[in-house]
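[1] Just need the structure, nothing else, for what follows:
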Amino acid sequence: MDIREHNRRVIEQFRAGGEIDGMHRDRLLLLTTVGRRTGQRRTSPMMFHRDDQGLFVIASNAGATRHPDWYLNLAADPQVTVEVGAEAYDAIAVPLTGDARELTWAAITELYPFFIDHAGKAGRTIPVVELRRAPDM
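    All right, here's what the predicted structure looks like:
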C-alpha cells in the first residue's frame, strides 16, 4: 500500500465532509505541520484523543522504532494547523512530559489498548502531544 496515496485520499474525503473509507470520522483529525527540512506544509490524518484537559495526538507511528515525520516536524516548529470535524484552527503543539504525559497516556491506553502494543513494538516512549488552540491575533 502506498501510504502517501492512502493519506491523500483520506485527506480529500475528510475535507469533502463525507464518509472516510475504513475510518471513523469522529476519531480523525488532520494535522498540518511545516516540514523541518523542506519548509513545506505537510498534512497528516491521524486518530486523536479528547478529554476535559484538551485535544491530544499520539506519535506511535504504528509501533515503528522511529518517531513519525509529523512529530519531528512539530518538534522543530510547534505552530500547527488542526482540522477536526468542520473546524480548522491554528494551534501550538506541546509534547507532554512527566506526570501529565503519564496520566494522559494511561487514559488513552485504557480506551485504546492497541497503543500498548505499539509501544512494545517501538521500544521507545511514545510521545503524546497536546494541541493547544493558538490565541486569536
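
[2] in what helix or strand does A106 lie?
    Per DSSP states H and E: A106 is located in helix 98-111.

[3] contact partners of stretch 49-68?
    Residues outside stretch 49-68 that contact it (Cβ atoms under 8 Å, 6 or more residues apart in numbering): 29, 31, 44, 46-48, 70-71, 82, 84, 96, 104, 107-108, 111-112, 115, 117-124, 126-132. Every C-beta, even on glycine, is put in place using the N, C-alpha and C of the backbone.

[4] how about 6 Å then?
    46, 48, 71, 104, 108, 115, 118, 121-123, 126-131 (Cβ atoms under 6 Å, 6 or more residues apart in numbering).

[5] do the same with stretch 122-137
    With contacts defined as Cβ under 6 Å, 6+ apart, stretch 122-137 is touched by 54-60, 63, 65, 71, 82, 89-96, 101, 104-105, 119.

[6] average pLDDT across that stretch?
    Average pLDDT, stretch 122-137: 92.

[7] Check stretch 13-21 too.
    86.

[8] which of the residues in that stretch are buried?
    By neighbour count on 16 or more other Cβ atoms under 10 Å, the buried set for stretch 13-21 is Q13, F14, I20.

[9] out of the residues you listed, which are inside helices?
    Residues of those located in helices (DSSP state H): Q13, F14.

[10] Type out the ChimeraX command that picks the buried ones from the contacts of stretch 122-137.
    Selecting only the buried entries of those in ChimeraX, with 16+ other Cβ under 10 Å as the criterion:
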select :55,56,57,58,59,60,63,71,82,91,93,94,96,101,104,105,119
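
[11] Please narrow the contacts of stretch 122-137 to those residing in helices.
    Y71, R101, T104, W105, A119.

[12] returning to what we had before: who does the helix holding A106 touch, helix- and strand-wise?
    helix 114-122, strand 128-133 (3 or more Cβ pairs under 6 Å, 6 or more residues apart in numbering; DSSP states H and E).

[13] Look up phi and psi at V84.
    Main-chain dihedrals, V84, degrees, to the nearest 10: phi -140, psi 130.

[14] before we move on, back to that, show me which of the ones in helices among the contacts of stretch 122-137 is closest to E5.
    Nearest to E5 among the ones in helices among the contacts of stretch 122-137, counting by Cβ to Cβ, is Y71 at 21.5 Å.
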